[in-house]
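K.L.:
can't give you the sequence, but here's the structure:
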């Protein structure tokens, strides 16, 4: 059940000291949580004081509180910027978001409450491709040397990125690889060909193992795991809702080091993104024509993936090999 809060009583019952505290607190950013059902809120402490138990409540335009107000950190230091993951009660608010972020802080003088009004804030990332990391780390016992084969596939089971994570016994027992994905539903596949180690955790993150930002699974020693995950799911749903049909994929022809792409119905190709085998963006292609040529001289040999960026072009990603 949603709880109703009376904002004036919360926001203006403090003294002037509380107001000065609020003047030094800033919202550095707010978006949907990339892997969860909630918000990511970046809070910056511009004061010279340490504050305990920073806690957010998210209030919509109707005055309803959308979360339970749990805290992520025991305190926020002077000059620090923290990433707070705020789980919200379903259903998630739509983007753009209009409402209020209510921040509670514990000071030496007691609790202070600050208000940040949000008006028509876009909760989705503006980039067509958002950087993230696939990771693996060992738990329990001494680190061992091992190689883990990984790949990330989309909802159509098209492999968008793949590689090998190498964990060295003389290191810290973890490894990461960078890639870039659009909002959507994916599956992380991880496998260990030669059994080694004790417990290995694998997953996806944006901030190097930050517990507030990621999704993970345990890899069976000497086995494999397929871990489905959503990445900015509300943004992917919005994009898919625009399309009323699935356009036919264009035709790709690789002639030496030249890539030719053309639609089969004469429609415009629009904006496209070329990814290499690690999921990195190798090139973006924009054209209003139905046929385009792209010179790939200087590109390393290997697997590449071409995928559309426009909401109206929802054809599945196309994989090809450059020799």
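P.N.:
That came in fine, so what should we check first? This one's a predicted model, so the numbers in the text were calculated from it and none came from an experiment.

K.L.:
can I assume residue 22 sits in a helix?
P.N.:
Yes. The assignment for residue 22 (DSSP: H, G, I helix; E, B strand; the rest coil) places it in a helix.

K.L.:
pretty sure it sits against residue 104.
P.N.:
No. Look at residue 22 against residue 104 with Cβ atoms under 8 Å: they stay out of range, at 11.1 Å. (C-beta placed from N, C-alpha, C; glycine too.)

K.L.:
any common contacting residues for the two?
P.N.:
residue 112 (Cβ atoms under 8 Å, 6 or more residues apart in numbering).

K.L.:
report the buried residues of the helix or strand containing residue 42.
P.N.:
Element membership for residue 42, per DSSP states H and E: strand 38-45. Within strand 38-45, the residues that count as buried by 16 or more other Cβ atoms under 10 Å are 38-41, 43-45.

K.L.:
can you list the strands that that strand pairs with?
P.N.:
Applying DSSP bridges, strand 38-45 is found paired with strand 25-32 (antiparallel), strand 81-87 (antiparallel).

K.L.:
ranking those strands by mean pLDDT, which is last?
P.N.:
Mean pLDDT per stretch puts strand 81-87 lowest among the strands paired with strand 38-45, at a mean of 88.

K.L.:
other residues contacting whatever helix or strand comes next after that one?
P.N.:
For strand 81-87, the succeeding helix or strand toward the C-terminus, using DSSP H and E, is strand 97-107. Strand 97-107 has contacts (Cβ under 8 Å, 6+ apart) with 5, 7, 10-11, 21-22, 25, 27, 30, 41, 43, 49, 51-61, 66, 69, 76, 93, 111-121, 123.

K.L.:
go on, stretch 31-39?
P.N.:
Residues contacting stretch 31-39 (Cβ under 8 Å, 6+ apart): 30, 40, 58, 67, 85-88, 90, 92, 95, 123-125, 130, 132, 204, 206, 213-215, 229-235.

K.L.:
let's go with 6 Å and repeat that
P.N.:
By Cβ atoms under 6 Å, 6 or more residues apart in numbering, the residues outside stretch 31-39 that reach it are 30, 40, 85-88, 123, 206, 214-215, 231-232, 234.

K.L.:
what's the most distant pair in those?
P.N.:
Distance extremes for the contacts of stretch 31-39: the farthest pair is 30 and 215 at 20.4 Å, using Cβ to Cβ.

K.L.:
the more surrounded of the two?
P.N.:
residue 30 (21 against 17; other Cβ atoms under 10 Å).

K.L.:
do I have it right that that one meets residue 43?
P.N.:
No. With contact defined as Cβ atoms under 6 Å, residue 30 does not count as touching residue 43 (9.8 Å).

K.L.:
one step back: okay if I get the strands paired with strand 38-45 as CSV plus distance to residue 183?
P.N.:
Shown next, in CSV, are these (distance: least, Cβ to Cβ, whole Å):
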stretch, distance to residue 183
strand 25-32, 9
strand 81-87, 17
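
K.L.:
quick one: closest of those strands to residue 277.
P.N.:
strand 25-32 (28.5 Å).

K.L.:
quick check: closest non-adjacent residue to residue 251.
P.N.:
Excluding its sequence neighbours, the residue lying closest to residue 251 (Cβ to Cβ, 6 or more residues apart in numbering) is residue 262, at 5.6 Å.

K.L.:
measure how buried the one you found is and give me the count.
P.N.:
15.

K.L.:
now it: how far from residue 79?
P.N.:
54 Å (Cβ to Cβ, to the nearest Å).

K.L.:
check residue 180 too.
P.N.:
Separation of residue 180 from residue 79 (Cβ to Cβ): 30 Å.

K.L.:
what kind of secondary structure is the residue nearest to the spatial centre of the chain in?
P.N.:
Centroid-nearest residue in the chain: residue 34, 3.5 Å away (criterion: Cα atoms, centre = their mean). Following three-state DSSP, the label given to residue 34 is coil.

K.L.:
how many neighbouring residues does residue 206 have?
P.N.:
Residue 206: 17 neighbours (other Cβ under 10 Å).

K.L.:
wait, it sits on residue 131?
P.N.:
No. If you go by Cβ under 6 Å, residue 206 and residue 131 don't touch, sitting 7.3 Å apart.

K.L.:
what's in contact with stretch 251-266?
P.N.:
Residues outside stretch 251-266 that contact it (Cβ under 6 Å, 6+ apart): 248, 250, 290-294, 296-297, 318, 320.
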